[in-house]
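Student: Turn this into a structure:
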Amino acid sequence: MRIRTLLALLLLPALLLGTAATTATAAEPGIRNTKEYQALKSYVSQLNAKKNQPQTQAEIAKYRRELSAKKTKADNKVRALYQDRIAKAKDQRAKSRVKVRKLRAQWKSEVAELKQGLKNKLNSLESQRRSEIARINTQFDGKLNSLQNKRAKLQKRLAKAKDPVVRANLREEISSINDEIATLNSEKQSDLRAVQTKYNNLEEQAREQAASNISRTRARGERAVQEAEAALREVFAEKRAAANSIKAAEFTVVRTEYDRGVTYINEMPVTGGDND
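Tutor: Residues are numbered from 1 along each chain as shown. Have a look, this model is predicted:
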């Protein structure tokens with residue numbers, strides 16, 4: 001039960017993150033808000049203002065170099081933003097893996113508790129076994145001691161008796177007592193065997209039940225860990241896919257702005273001068 005609860009707590013935020021991976025990633029600072037892109041955009045605006053003004057070949061070459069350099073800086077910023085998003089996704093994955101390790105430790109703890117519970121159960125059964133054996137011994141030993149004492153007295157009387165009739169009667173009494181003693185010993189052993197059988201069966205049942213519970217707990221725990229790890233992989237894959245999608249879109253934004261700048265440069269009238 002505790003494993004399912006912990007798994008639910010782990011998977012809920014993971015699944016929520018997975019569902020909104022693209023939205024969450026898109027909400028992060030984008031290339032349009034960076035100084036590198038703003039510098040490119042501003043430079044393209046300057047080129048737009050100059051597109052109808054005559055320019056020398058040297059000036060146009062300078063514009064191309066500067067435009068290309070600003071595009072390179074913006075492209076590098078796109079890559080840096082992408083790496084930041086991936087780093088954050090990896091950091092979140094690492095934090096979630098701590099929860100998975102706790103999940104694994106939880107089911108192992110439950111297995112340990114079940115094993116300790118079996119040990120306690122077996123100790124309790126053994127204590128009960130000894131108590132029942134002691135009760136049986138007490139129950140029968142009192143009667144047996146009484147009969148053995150009575151037999152000993154009769155044997156003493158038999159040793160002293162001279163009259164044949166008296167001796168015959170004493171022997172008959174002693175024989176009867178021996179039969180009683182034998183019967184009681186047989187009953188005692190039968191009861192002791194019954195106790196041993198009873199507790200052997202109870203111990204075997206306890207072991208089988210514990211083994212079943214341990215097997216189910218271990219299987220449930222391992223399955224929960226596998227599901228949690230699969231969820232983490234899915235969430236990370238979604239975040240990485242979203243980051244790649246955003247990176248491609250941002251490269252397009254930069255390229256579009258750069259192409260506008262190239263268009264403005266191409267529209268500039270070229271003068272015959274060659275001044276730097």
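
Student: Give me the distance between stretch 203-221 and the centre of its chain.
Tutor: Its chain's C-alpha centre lies 19 Å from the corresponding centre of stretch 203-221 when counted by C-alpha atoms, centre = their mean, to the nearest Å.

Student: Give me the contact list for it.
Tutor: Residues outside stretch 203-221 that contact it (C-beta atoms under 8 Å, 6 or more residues apart in numbering) are 3-4, 103-104, 106-108, 110-111, 114-115, 117-118, 121-122, 125. To be clear about C-beta, it is placed using only N, CA and C from the backbone, and glycine gets the same treatment.

Student: Where does the prediction get shaky in the chain?
Tutor: For the chain, the stretches with pLDDT under 70 are 1-28, 272-276.

Student: Tell me who's in contact with the closest residue to Glu173 other than its chain neighbours.
Tutor: Excluding its sequence neighbours, the residue lying closest to Glu173 (C-beta to C-beta, 6 or more residues apart in numbering) is Leu154, at 5.5 Å. By C-beta under 8 Å, 6+ apart, the residues touching Leu154 are Leu170, Glu173, Ile174, Ile177.

Student: gap between Leu154 and Val165?
Tutor: Counting by C-beta to C-beta, to the nearest Å, the gap from Leu154 to Val165 is 15 Å.

Student: What of Ser245?
Tutor: Look at Ser245 and Val165: by C-beta to C-beta, they are 119 Å apart.

Student: hmm, back to that, are any of the contacts of stretch 203-221 buried, and which?
Tutor: The neighbour count (16 or more other C-beta atoms under 10 Å) marks Ile3, Leu103, Arg104, Gln106, Trp107, Glu110, Val111, Leu114, Leu118, Lys121, Leu122, Leu125 as buried among those.

Student: Secondary structure class of the residue nearest to Glu173, three-state.
Tutor: helix (DSSP: H, G, I helix; E, B strand; the rest coil).

Student: separation between it and Asp163?
Tutor: Relative to Asp163, Leu154 is positioned 15 Å away (criterion: C-beta to C-beta).

Student: And for Asn213?
Tutor: Separation of Asn213 from Asp163 (C-beta to C-beta): 73 Å.

Student: dump the residue contacts of the closest residue to Gly30 other than its chain neighbours.
Tutor: Nearest non-adjacent residue to Gly30, counting by C-beta to C-beta, 6+ apart: Glu250, 6.4 Å away. With contacts defined as C-beta under 8 Å, 6+ apart, the neighbours of Glu250 are Gly30, Ile31, Val78, Leu81.

Student: Please, which helix or strand holds the closest residue to the third one other than its chain neighbours?
Tutor: In space, Val78 comes closest to Glu250 once its chain neighbours are excluded; the distance is 4.5 Å by C-beta to C-beta, 6+ apart. The secondary structure element spanning Glu250 is helix 164-267 (assigned by DSSP states H and E).

Student: what secondary structure does Gln53 sit in?
Tutor: Assigned with three-state DSSP, Gln53 falls in the coil class.

Student: From Lys71, how far out is the closest residue to it other than its chain neighbours?
Tutor: The shortest distance from Gln53 to any non-neighbouring residue, by C-beta to C-beta, 6+ apart, is to Met268 (6.8 Å). As for Met268, its distance to Lys71 is 18 Å (criterion: C-beta to C-beta).

Student: Next: Arg220.
Tutor: Per C-beta to C-beta, Arg220 is found 56 Å from Lys71.
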